[in-house]
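Q: Show me how the following folds:
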Amino acid sequence: MNLSNLLSKVASGELSPEDASAEIRDHGIADLGFARVDLHRKKRCGMPETIFCEGKTPRQVADIVTALKEAGQHILATRASKQHFDAVVSLHPEAVFHESARAITLDVGPLSEPVGSIAVVSAGTSDQPVAEEAALVAERMGAKVERIYDVGVAGIHRLVHHLDTLKKSSAVVVVAGMEGALPSVIGGLIDKPVIAVPTSIGYGMNLQGVSALLAMLNSCVPGITVVNVDNGFGAGVAAAMINRNAK
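A: Presented below is the predicted three-dimensional model:
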């Protein structure tokens, strides 16, 4: 939509003010019937709309990908299955499936050079899918990401070797299940924002991550922010925003 042309049409009487108002209101939305795709989110928030695949059919995901691509936007789809990817890649062969992060990406052009530094830390190997989601999201938002995996408190000596990297980071995402202790440990060793991500990994009364969530919320270490269980996406976005604004 060219706003100047639209206003000229109103001035000449070619278009009524009411019709112009409706066009302005609806601009930036791709109405697919089953979804109203937000095409202006990048202008408002610095990142295009992300497709959350769970609960959507493979064809629905593919159609949303098409709408975003036609709008000239980079595409990220999270919690994607192989079936979702098969539907997308059949229409867009350049799409990429990131199996470890359970995500699909499609670039409409070159990505910007990564800047700054974010560390994404996982307590155990089982936490890595959530950690990979956070890392991929932060990278898509222009951050340089350092991955530090399998350094949980059961073998805390593994963490010591990475303290210099953590101290140099703009923000640190810490992903942990079980008792969720790792964010508190790291938060007590560095002076950078820590974004804690509880995962649903654990035995019995782990309660699908609720025990780790409550432990992180009750941390006595200041400077720790906690996102929801398994929410690597939210942690990656928050860390990238901090990194973007770091001096």
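
Q: Can you show me the strands along this protein?
A: Along the chain, the segments classed as strands by DSSP state E run 29-31, 36-38, 51-52, 75-78, 96-98, 103-106, 115-122, 143-148, 171-176, 194-198, 224-226.

Q: Which elements pack onto the fourth one?
A: Applying 3 or more C-beta pairs under 8 Å, 6 or more residues apart in numbering; DSSP states H and E, one finds that strand 75-78 contacts strand 51-52, helix 58-70, strand 103-106, helix 128-140. The way it works is simple: take the backbone N, C-alpha and C, and place the C-beta from them, glycine included.

Q: Please identify the most buried of those.
A: Neighbour counts averaged per stretch over the helices and strands packed on strand 75-78 are highest for helix 128-140, at a mean of 26; criterion: mean count of other C-beta atoms under 10 Å.

Q: Pop the domain breakdown of the chain in here.
A: Here the domain parsing of the chain from automatic domain parsing is 28-106, 115-245.

Q: could you dump these to JSON lines with distance to Leu7 and mean pLDDT?
A: Written out in JSON lines, the entries for the domains of the chain read as follows (distance: least, C-beta to C-beta, whole Å; pLDDT from 0 to 100):
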{"stretch": "domain 28-106", "distance to Leu7": "17", "mean pLDDT": "91"}
{"stretch": "domain 115-245", "distance to Leu7": "34", "mean pLDDT": "94"}
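
Q: one step back: let's have the helices and strands packed on strand 75-78 in JSON lines, adding distance to Ala35.
A: Rendered in JSON lines, the data for the helices and strands packed on strand 75-78 read as follows (distance: least, C-beta to C-beta, whole Å):
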{"stretch": "strand 51-52", "distance to Ala35": "9"}
{"stretch": "helix 58-70", "distance to Ala35": "6"}
{"stretch": "strand 103-106", "distance to Ala35": "16"}
{"stretch": "helix 128-140", "distance to Ala35": "21"}
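
Q: what's the closest of the ones you listed to Gly177?
A: helix 128-140 (8.7 Å; C-beta to C-beta).

Q: what's that closest one packed up against?
A: strand 75-78, strand 103-106, strand 115-122, strand 143-148, strand 171-176, strand 194-198, helix 232-245.

Q: follow-up on the earlier one: of the helices and strands packed on strand 75-78, which approaches Ala154 most closely?
A: Across the helices and strands packed on strand 75-78, Ala154 has its closest neighbour in helix 128-140 (15.6 Å, C-beta to C-beta).

Q: With respect to Gly13, which of the domains of the chain lies nearest?
A: Between Gly13 and the domains of the chain, the shortest gap by C-beta to C-beta is with domain 28-106, which sits at 25.9 Å.

Q: For the closest one, measure first residue to last.
A: 20 Å (C-alpha to C-alpha, to the nearest Å).

Q: now swap in stretch 83-103 and tell me
A: 12 Å.

Q: That one: which residues count as buried?
A: Of the residues in stretch 83-103, those buried by neighbour count under the rule 16 or more other C-beta atoms under 10 Å are 84-85, 87-89, 95, 97-98, 101-103.

Q: what's the answer for stretch 186-198, then?
A: Buried residues in stretch 186-198 (16+ other C-beta under 10 Å): 186-187, 190, 192-198.
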